[in-house]
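In: have a look; sequence and predicted model below, questions after that.
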Amino acid sequence: MAEQSPVVGVIMGSKSDWDTMRHAAEVLEEFGVPHECQIVSAHRTPDRMQAYAASAAERKLEVIIAGAGGAAHLPGMVAAQTTVPVLGVPVQSKALNGLDSLLSIVQMPGGIPVGTLAIGAAGARNAALLAIAILANQRPELRQRLEAFRLAQSNRVKEDTLP
Ligand SMILES: Nc1c(C(=O)O)ncn1[C@@H]1O[C@H](COP(=O)(O)O)[C@@H](O)[C@H]1O
């Protein structure tokens, strides 16, 4: 991509979320999408969250991927403070296996959407692919890469054989 500065922000509530959220970062890396990764918590660092959300549009972020576990308020609270699209990744929690994270993120009040992905690493990967699909609307070279990715994936499945 032509841009050098981040166009996708990957944020997470805690360092402990990195093992899940790194999967989003890896996909963005694979597609050559400039991105940044930061720890931002609605609960523990509300000032940082407010500053992050408020500056996202002027910093030219085009998508924010926000991962959090348990009482996962981060994606919704960020979405409340910016019109940059927010994709939420429910991190698998120990106590409730991520169902708490999923419901905290998905059940937004009307007017403040968060695009909610699946629980865990698969959700993080898909969040990155969805971010790439959004960016691809204005970037033909990225669309080509996404189409090549889909074709390779499809071919792999067609070549699969059962034991
Ligand atoms: N859900 C949130 C928020 C938030 O929503 O702002 N901040 C931290 N957390 C979550 O707390 C879990 C446990 O965090 P620790 O492992 O640091 O105790 C993490 O999954 C994090 O996303």
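Out: Received it, and whenever you're ready, just let me know what you need.
In: CA atoms for contacts and neighbours, from now on please.
Out: Will do.
In: can you pull out the strands in the chain?
Out: For the chain, strands defined by DSSP state E occupy the ranges 8-12, 35-39, 63-69, 86-91, 115-116.
In: quick one: list the elements packing against the second one.
Out: Read that as strand 35-39. Here strand 35-39 touches strand 8-12, helix 18-30, going by 3 or more CA pairs under 8 Å, 6 or more residues apart in numbering; DSSP states H and E.
In: residues of it that come out buried?
Out: Neighbour-count burial for strand 35-39, counted by 16 or more other CA atoms under 10 Å, picks out 35-37, 39.
In: how about that strand, does it get close to the ligand?
Out: No - using CA under 6 Å from any ligand atom, strand 35-39 never reaches the ligand; the gap is at least 8.7 Å.
In: direction included, what does that strand pair against?
Out: With DSSP bridges as the test, strand 35-39 is paired with strand 8-12 (parallel).
In: and the strand it pairs with, what's its mean pLDDT?
Out: Strand 8-12 shows a mean pLDDT of 98.
In: dump it to PDB, restricted to CA.
Out: The C-alpha coordinates for strand 8-12 follow below in PDB (Å, rounded to 0.1, in the frame of the first residue of the first chain):
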ATOM      1  CA  VAL A   8      -6.000   0.300  10.900                       C
ATOM      2  CA  GLY A   9      -5.800   0.600  14.700                       C
ATOM      3  CA  VAL A  10      -5.700  -2.700  16.600                       C
ATOM      4  CA  ILE A  11      -6.400  -2.100  20.300                       C
ATOM      5  CA  MET A  12      -7.100  -4.400  23.200                       C
END
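In: who touches that strand?
Out: Under the criterion CA atoms under 8 Å, 6 or more residues apart in numbering, residues 18, 21, 24-25, 33-41, 61-68, 74, 131 lie in contact with strand 8-12.
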